[in-house]
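1. sharing a model prediction with you, sequence too.
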Amino acid sequence: MPGKFNRKKIFTILIHVICWGLLFTLPWVLKPDRSMQETKMPDKEFWDRNMRAVLILAIILRALWIAIFYTNANILVPRLVYKGRYRDYFLSLTAILVSFFALDALFFGYIIKGANFTFFRSLSFNLFPLIFILVASYTYRITVDQLKRERREKDTINENLKTELALLRSQVSPHFMFNVLNNMVALARKKSDLLEPSLIKLSQLLRYMLYETHERVSLRKEVEYLESYIDLQKQRFGNTVSITTSFADISDHHEIEPMLLIPFVENAFKHGVVMFDNPRIDINMHMENNTLHFHVGNTCVEESLEEKDKTSGIGLGNVKRRLELLYPEKHKLVIDRGSQWFDVTLQIELT
């Protein structure tokens, strides 16, 4: 971060130096004859003899330009304009301009002997350039402060989103663990031989949840996680539930937010295997043109007949919000609930 800040600061200083360098070249673009006519110099030989003095004077005056620019931008505008002290602001500008014209006439007469350059000639010669500098400095201050405000607002929004995502992600694990541990309890009560391999499978899932879900993961790892979870459910239900899965064209080239798809699968097993003679769950996934197509379907009863518990809906509500935050305008979620079939279709544009 410090290195990035220093590079940004150096780049800003460089831009200022270039802009002032271009402005400094303007006097030398003007024709000498016109300059002599404005200042009433005796002749061209007089101009040539005093070229060094003119250069020194130009440097001094341009340094005053710079001082006026940053005084207006960094002191007068923030302390007077932003506080509504417009009268004090215009009085301060008037004092600065009068002082500049007086110093210009004084320096000109002192540095270039014999030149006729009065206060009013300084005013007529420098008024419009100084007005341009004041307008430019005022615009510069307003623009910089507006960009800073927008950046702060954006950073605040990003921090809030990060906090919300962290909270949502932290909610996934307890909800998942609650369901899986219920499965383990059911196997223990049956004294099933599947308890040991199920615990091994659970340890693999926990390892993934604890160490590999802090940032986006490859789609292949997320699919392996889903397959492990489905295997646990198959061990629990055996042949009592018809489970069909298909994961086609999945590679390591695409990344996805971890544990984003599991709530849909959890929901299918939670609500699709009770109160049915032949429960069925279909899960399939494939990639097409960098777009993930994910579908989960399961048997269900009418919503009015379904028994609700206190944790019902945590998973789906969580994942909907995560999709909104992580894939805005890059996902499409369709949930269709019929009288006997619950269908979820999700499409996500992946990197």
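-> Yep, that arrived. Numbers count the residues shown, from 1 in each chain.
2. switch to C-alpha atoms for all contacts and neighbour counts from now on
-> Fine.
3. residue boundaries of the helices in the stretch 201-350 of the chain?
-> Listed in chain order, the helices found in the stretch 201-350 of the chain under DSSP state H, counting those that start in this stretch are 219-237, 262-271, 314-326.
4. now the shortest one: mean pLDDT?
-> Across helix 262-271, pLDDT averages out at 84.
5. buried set for it?
-> Of the residues in helix 262-271, 262-269, 271 count as buried by neighbour count, 16 or more other Cα atoms under 10 Å.
6. likewise for the last one?
-> Of the residues in helix 314-326, those with enough neighbours to count as buried (16+ other Cα under 10 Å) are 315-316, 318-319, 322-323.
7. burial count for residue 87?
-> Counted with other Cα atoms under 10 Å, the burial measure for residue 87 works out to 10 neighbours.
8. the one 3 residues further on too?
-> When neighbours are defined as other Cα under 10 Å, residue 90 has 14 of them.
9. what of residue 329?
-> The local packing count at residue 329 equals 11, with neighbours defined by other Cα under 10 Å.
10. tell me the confidence at it?
-> What the model reports as pLDDT for residue 329 is 87.
11. for it, phi and psi?
-> The phi and psi values for residue 329, taken as degrees, to the nearest 10, are phi 60, psi 20.
12. ok, it to residue 350 distance?
-> Going from residue 329 to residue 350 by Cα to Cα, to the nearest Å gives 12 Å.
13. same deal with residue 246?
-> Residue 246 sits 19 Å away from residue 350, going by Cα to Cα.
14. more neighbours, the two?
-> Shown here are residue 246 and residue 350; by other Cα under 10 Å, residue 350 has more neighbours (18 against 11).
15. so what's that one up against?
-> Taking Cα atoms under 8 Å, 6 or more residues apart in numbering, we find residue 350 in contact with 254-256, 290-292.
16. filter the residues you listed to the buried ones?
-> The neighbour count (16+ other Cα under 10 Å) marks 254-256, 291-292 as buried among the contacts of residue 350.
17. next step: those restricted to strands.
-> Within those, residues falling in strands by DSSP state E are 255-256, 291-292.
18. so where is this protein shaky, pLDDT-wise?
-> In the prediction, the chain carries residues with pLDDT under 70 at positions 1-5, 22-54, 107-124, 156, 158-177, 179, 211-214, 274-276, 302-315.
19. can I assume residue 83 sits in a helix?
-> No. In this structure, residue 83 is coil, not part of a helix, as judged by DSSP: H, G, I helix; E, B strand; the rest coil.
20. and it, what are its phi and psi?
-> Note on residue 83: its backbone torsions stand at phi -100, psi 10 [degrees, to the nearest 10].
21. that one and residue 68: what is the separation?
-> 20 Å.
22. give me the number of residues near residue 335?
-> By other Cα under 10 Å, 12 other residues sit near residue 335.
23. once you drop chain neighbours, what's closest to it?
-> Across the structure, with Cα to Cα, 6 or more residues apart in numbering as the measure, the residue nearest residue 335 apart from its sequence neighbours is residue 344 (4.6 Å).
24. can you check residue 195 too?
-> If you skip the residues right next to it in sequence, residue 195 has residue 187 as its closest partner in space, 5.8 Å away by Cα to Cα, 6+ apart.
25. how much space between that neighbour and residue 273?
-> Using Cα to Cα, one gets 16 Å for the distance from residue 187 to residue 273.
26. repeat that for residue 59.
-> The span separating residue 59 from residue 273 equals 86 Å under the rule Cα to Cα.
27. between those two, which is the more surrounded one?
-> Relative neighbour count places residue 273 above the other of residue 59 and residue 273, with 20 against 13, counting by other Cα under 10 Å.
28. neighbours around the closest residue to the more buried one other than its chain neighbours, how many?
-> Of all residues beyond its chain neighbours, the one nearest residue 273 is residue 279 (5.2 Å), with distances taken as Cα to Cα, 6+ apart. For residue 279, the neighbour count with other Cα under 10 Å is 18.
29. the strands in this protein, which residues?
-> Defined through DSSP E, the strands belonging to the chain, from first to last, are 217-218, 242-248, 255-256, 280-288, 291-299, 331-337, 341-349.
30. now stretch 187-200: how far from the chain's centre is it?
-> In terms of Cα atoms, centre = their mean, to the nearest Å, the gap separating the centre of stretch 187-200 from the centre of its chain is 47 Å.
31. ok, and for that stretch, which residues are buried?
-> If you call a residue buried by 16+ other Cα under 10 Å, then stretch 187-200 has these buried ones: 187, 195, 198.
32. next, count neighbours for residue 278.
-> Residue 278 is flanked by 12 other residues according to other Cα under 10 Å.
33. separation between the residue nearest to it when sequence neighbours are not counted and residue 285?
-> Residue nearest to residue 278 in three dimensions, not counting chain neighbours: residue 241, with 6.7 Å by Cα to Cα, 6+ apart. The gap separating residue 241 from residue 285 is 20 Å, by Cα to Cα.
34. same question for residue 321.
-> With Cα to Cα as the criterion, residue 321 and residue 285 are 21 Å apart.
35. then residue 60?
-> 73 Å.
36. more crowded one of the two?
-> For residue 60 versus residue 285, the count of surrounding residues by other Cα under 10 Å is larger for residue 285: 19 against 13.
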